[in-house]
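Asker: Model the structure of this input:
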Amino acid sequence: MEKRVINPWSWQEQLSYVQAVEVKNVESTLYVSGQAAVHPDGTSSKADMRTQLQLAIHNLETVISGAGYQCSNIVKLTIYTTSSETFIQDCFDLFQAFVAKHGMQQVTTLMQVVALNDTLNVELEATAVR
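Answerer: Got it, this is the predicted structure:
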């Protein structure tokens, strides 16, 4: 697999994403449904967004590694949140640490939604390749 990052500007680097990723000679693609702060027994977290994001990241890492992929090969990440303001102010450092931990270079969309399932307030949807 070959990945090429397209970044006509440098400002997005401080936001931990890239403008585009071209992928060639892909062996396989993994489409991961939204991972949120759901405990192993299937119950939704009632914690604050920061705590929920930590669990959502853990769940995303678990699914990706369980499928035999690596988070470093996430090429598309969509973040759904019930409050973009809260995500940026209280959680963005966790997002940046997740990206840095895996050396990710992914396109990212942050989307505020009216509601998520049950008590959830952040969800991560990803596409990974190998």
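Asker: Arg4: which element?
Answerer: strand 2-6 (DSSP states H and E).
Asker: in that strand, what counts as buried?
Answerer: Within strand 2-6, the residues scored as buried using 16 or more other CB atoms under 10 Å are Lys3. Where C-beta positions appear, they are placed from N, C-alpha and C, glycine not excepted.
Asker: Ok, stretch 10-29 next?
Answerer: 16-18, 21, 23.
Asker: And stretch 44-60, by the same measure?
Answerer: Residues 44-45, 49, 52-57, 59-60 are the ones in stretch 44-60 that count as buried (16+ other CB under 10 Å).
Asker: and Lys46, what does it touch?
Answerer: When contacts are counted by CB atoms under 8 Å, 6 or more residues apart in numbering, Lys46 touches Thr119.
Asker: And it, what's its pLDDT?
Answerer: Lys46 carries a pLDDT value of 98.
Asker: Pretty sure it sits in a helix.
Answerer: No. Counting by DSSP: H, G, I helix; E, B strand; the rest coil, Lys46 is not part of a helix but coil.
Asker: So which of the buried residues of stretch 44-60 is the closest to Glu27?
Answerer: For the buried residues of stretch 44-60, the closest approach to Glu27 (CB to CB) belongs to Leu60, at 20.7 Å.
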